[in-house]
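Asks: here is the input, now give the coordinates:
(4 chains)
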There are 4 protein chains.
Amino acid sequence: MARNQKPIRSDIAWSVSDRIEVRGKDLPGEILGTLNLGDVAYLQLTGSMPTPEQSRVFNAIVITLVEHGITPSSLAARLTYAGAPESLQAAVAAGLCGLGTVFVGSMEGASRMIYEALENAGETPDLEAIAESVVTDYRSRGEIIPGIGHPVHKPIDPRTPRLFEIAEENGMYGIHIELMQKIARAAERASGKQLPVNATGAIGAICCEFGFPWKIVRGFGVMARAIGLVGHILEESENPMAVEIWQRVEDEATAHIRPQA
Amino acid sequence: MARNQKPIRSDIAWSVSDRIEVRGKDLPGEILGTLNLGDVAYLQLTGSMPTPEQSRVFNAIVITLVEHGITPSSLAARLTYAGAPESLQAAVAAGLCGLGTVFVGSMEGASRMIYEALENAGETPDLEAIAESVVTDYRSRGEIIPGIGHPVHKPIDPRTPRLFEIAEENGMYGIHIELMQKIARAAERASGKQLPVNATGAIGAICCEFGFPWKIVRGFGVMARAIGLVGHILEESENPMAVEIWQRVEDEATAHIRPQA
Amino acid sequence: MARNQKPIRSDIAWSVSDRIEVRGKDLPGEILGTLNLGDVAYLQLTGSMPTPEQSRVFNAIVITLVEHGITPSSLAARLTYAGAPESLQAAVAAGLCGLGTVFVGSMEGASRMIYEALENAGETPDLEAIAESVVTDYRSRGEIIPGIGHPVHKPIDPRTPRLFEIAEENGMYGIHIELMQKIARAAERASGKQLPVNATGAIGAICCEFGFPWKIVRGFGVMARAIGLVGHILEESENPMAVEIWQRVEDEATAHIRPQA
Amino acid sequence: MARNQKPIRSDIAWSVSDRIEVRGKDLPGEILGTLNLGDVAYLQLTGSMPTPEQSRVFNAIVITLVEHGITPSSLAARLTYAGAPESLQAAVAAGLCGLGTVFVGSMEGASRMIYEALENAGETPDLEAIAESVVTDYRSRGEIIPGIGHPVHKPIDPRTPRLFEIAEENGMYGIHIELMQKIARAAERASGKQLPVNATGAIGAICCEFGFPWKIVRGFGVMARAIGLVGHILEESENPMAVEIWQRVEDEATAHIRPQA
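Replies: Just a heads-up that it's a prediction; the model follows:
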């Protein structure tokens, strides 16, 4: 066929018999015992060591997403573990599969919205006008503005002020967060409802401050939730609920077609 | 039917409109900006805050497992991302699905072996004799002893001495690690080969020092690798290899049955 | 709290000690030994038995999607099996995770496009004009028209004429297929390229003839490919390629950063 | 390094611009419109066309596994779909991940038990004695004999007699099924309980009649359930239960730690 081969290349890590390097650092000598898990995640993703400020902010945004109690995701992991306890990895995988547009997608949506709004905004953008224009655009298309409002955490999502405080304390409260805040206020004016920035909006905006591509922002939720899911599976192994949930649902769901005893 | 319902209960986390608690801690007030990601993983799994010593050792064992370059797992994630870039979570899930008995299973095997060997060993166990007996048992059953030797990292897995050093510096070098070391030496004597403790054996033994149930030990590899996989997917999005791998394999694999051009 | 509970209900199947019903049919008595697998898939999805004509057409569209050789999906399954051979189900799951927008999404895109184009078209729609308008719309938005053209199968995808023939022989060549064909021709006129209906376009159009919701159309590809993937895993267990692929890629990908032997 | 490359080879399928072959058959010309989905699954796995008898028996065993109402697997798929409705493939994948040792593993366990029992049994094996010996072995090891008894379908699993009848009608009731039956009776004698062959035991034994390797037997459950799961996801999209289940479980599970309203 004479297809030209393209090179295959990865810059993340390599190992030989006596050495393992991750992002140019010697794993045993420079990483183990020195860094914390959040810093290694940062190194893995960016290829650079975080500054102390970046470390604090990055750890905070990932940690926010580790655990949120009983969720569809943690239930899927528990139900999967009940059928295949020998494949813990598959139970975590099942739990991750549902981290899509409904629950974590708004995080990447917020990042994308912020990046795109600032794309051609020049050096000294008028954030107020940009926020108004973003809100008008979303409303005219009938689309939900990502990252504002919350069905449970209202009027204020308690994670948001803390995340922004941490960003500020560490010199990372910049134009992207400002724009996210202004978008929320513009949306409140336009709708007459309380729609403050929620945790996914805060994280999406902070990810922009870091300069992370919006396509990878969902990944922070995925890595964080993998940790949370292992906790749920450990609890399920000790104090199970999956079989009980299954049996209750089966009883109720098919009562109308099952012959009665 | 009169089936008795069993209670459904989880002690991990809860949230109401203005408060989110994880393991009894206020997420925004006590966790964000205070803890690092590894400590939160420890808290999530054990329900307790790690001591500074526990924090250092626990972070080290999870970090060891984040990244090991191009692996079947990272390739599965990249190939999945190539087909469904809108579902980053499913690409991570696909990568995790292969963390089974071949690559991370020896970690839990080592933990289980150590726990079971010490089960009825009394207060002052004769570790030397126990190690001999473990090795004899595995060899008589024709089973591979988990956690020793390595196809690439030989004669010594460079992660092992560093992990044991970190354990020692933090007061966590106890009987379980000692037994693991003695098992490796007994296996070397019995086989005449170099079979030092490898990274999965070291981590399995340290997990015993923590008292983690062996059934959850694989989970540390799973949560760690989820972080690593997000890094691979980010690189794949910027500098892809999946399509090239696919086309090369397709060309070669079916050359013997395809009509030649 | 006083949240109102909503009812939980499923109409698909139920079982008691001596009876298992699927879609109102007695599984052992009315289904086993009587129906073929494709018919059962139809029954499971629609709640009705297919007519002989529906059976032939439905079997054909699902069968088309079972197998397409070495694909990113079959490679992901094989690589996963190499790490967790004890979890065959997880290897199939990993292979399915990549059946997203790039490879099977165009099927549901074609269905959706056809349904939406005919939504307000009245009783005797002018298909020619509708096709022109669809093509103009997609081109003005810079979007790819789903279901036409193919990078490999050109000028004609050999599956398409056969699928349409089967539809015609069984009285299922209706307005949706006609519109799909006209869209392809309008796109060819507009672009000056050869863009005949491909297999996913043909299947998408036939799914509209059945009246399947476009949101479930991807599911036919998913169920079909699950069958194909089991075949790949069986071959992998007997004549493996995953470890060889991994080692070749690792060697090449990191040659530029690894110290040379 | 000078690693020797091993060849990469697959015999399943290939395609060029105008032709797609699966297992040596022209897909459009010889398969579409001719075969049913079960026959294609057989072809995909064995490389041979089934005889009419093999077709009937093979379709029956796969169909048996398509659907069993509300199960942990179907719930995991539904909960995943609720979070990521744009990734139907990931919802099916999540549902498959739990098809492990607890629910479908006994199928492969039965096949393996039968094959191993007959391994050195010679040309005219004494099935009665072999069955006694198998039961004695399992009981002495404290292991559960796979494929007999059922928590719900008792005293008799209604699928078993029908499956064996279909096998018999099609000339496939051979020594493996006979042994499975004798094992069940020996287990009943030894335990004093009713332990007839269940559906997974029947299917495991029939898979031995086909000569399928026991390692792939689980795959028939996986491919079948993929079909069933698409049906559950379609119902979930039209008449959802996932969010209601999640909210009920969350309310109940954390009532003991949540502050009361």
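Asks: okay, helices next: where are they in the stretch 51-200 of chain A?
Replies: A:52-64, A:72-83, A:88-97, A:105-118, A:127-141, A:159-169, A:175-191, A:199-210 (DSSP state H, counting those that start in this stretch).
Asks: need the winner for burial among those helices.
Replies: Comparing those by mean neighbour count (mean count of other Cβ atoms under 10 Å in any protein chain shown), helix A:88-97 ranks first with a mean of 35. Just so you know, the C-beta spots here come from the backbone N, C-alpha and C atoms, and that holds for glycine as well.
Asks: for that one, packing partners?
Replies: If contacts are counted by 3 or more Cβ pairs under 8 Å, 6 or more residues apart in numbering or on different chains; DSSP states H and E, helix A:88-97 sits against helix A:72-83, helix A:214-238, helix B:88-97, helix B:214-238, helix C:88-97, helix D:72-83, helix D:88-97.
Asks: what about the residue nearest to A:S87 when sequence neighbours are not counted, neighbour count?
Replies: Excluding its sequence neighbours, the residue lying closest to A:S87 (Cβ to Cβ, 6 or more residues apart in numbering or on different chains) is C:S87, at 4.3 Å. For C:S87, the number of neighbouring residues by other Cβ atoms under 10 Å in any protein chain shown comes to 28.
Asks: returning to that earlier point: closest one to C:E209 among the helices and strands packed on helix A:88-97?
Replies: helix D:88-97 (20.7 Å; Cβ to Cβ).
Asks: how many degrees apart are the closest one and helix D:72-83 in direction?
Replies: 150 degrees (axes from the mean of the first three to the mean of the last three Cα atoms, to 10 degrees).
Asks: for C:L179, find the nearest of the helices and strands packed on helix A:88-97.
Replies: helix D:88-97 (24.3 Å).
Asks: around chain D, pick out the residues from the stretch 1-150 of chain A.
Replies: Within the stretch 1-150 of chain A, the positions near chain D by Cβ under 8 Å from any Cβ of the partner chain are A:69-73, A:75-76, A:79-87, A:90-91, A:93-95, A:97-103.
Asks: which bits of chain A sit near chain C?
Replies: A:7-11, A:13-14, A:16, A:19, A:21, A:84, A:86-87, A:89-90, A:93-94, A:97, A:249, A:252-254, A:256-259, A:261.
Asks: how about stretch A:227-238, does it reach chain B?
Replies: Yes. Contact of stretch A:227-238 with chain B (Cβ under 8 Å from any Cβ) involves A:227-228, A:230-235, A:237-238.
Asks: low-confidence ranges, the stretch 1-150 of chain A, go.
Replies: For the stretch 1-150 of chain A, the stretches with pLDDT under 70 are A:1-2.
Asks: again, only using 50
Replies: By pLDDT under 50, the low-scoring segments of the stretch 1-150 of chain A are A:1.
Asks: enumerate the residues of the stretch 101-250 of chain A near chain B.
Replies: A:104, A:152-154, A:156, A:158-159, A:161-163, A:165-166, A:169, A:213, A:215-216, A:218-224, A:226-228, A:230-235, A:237-239, A:241, A:244-245, A:247-248.
Asks: if I look at the residue lying closest to A:F103 once chain neighbours are set aside, how far off is C:S10?
Replies: Leaving aside its sequence neighbours, A:F103 sits nearest to D:G83 (Cβ to Cβ, 6+ apart; 4.9 Å). Distance of D:G83 to C:S10, computed by Cβ to Cβ, to the nearest Å: 19 Å.
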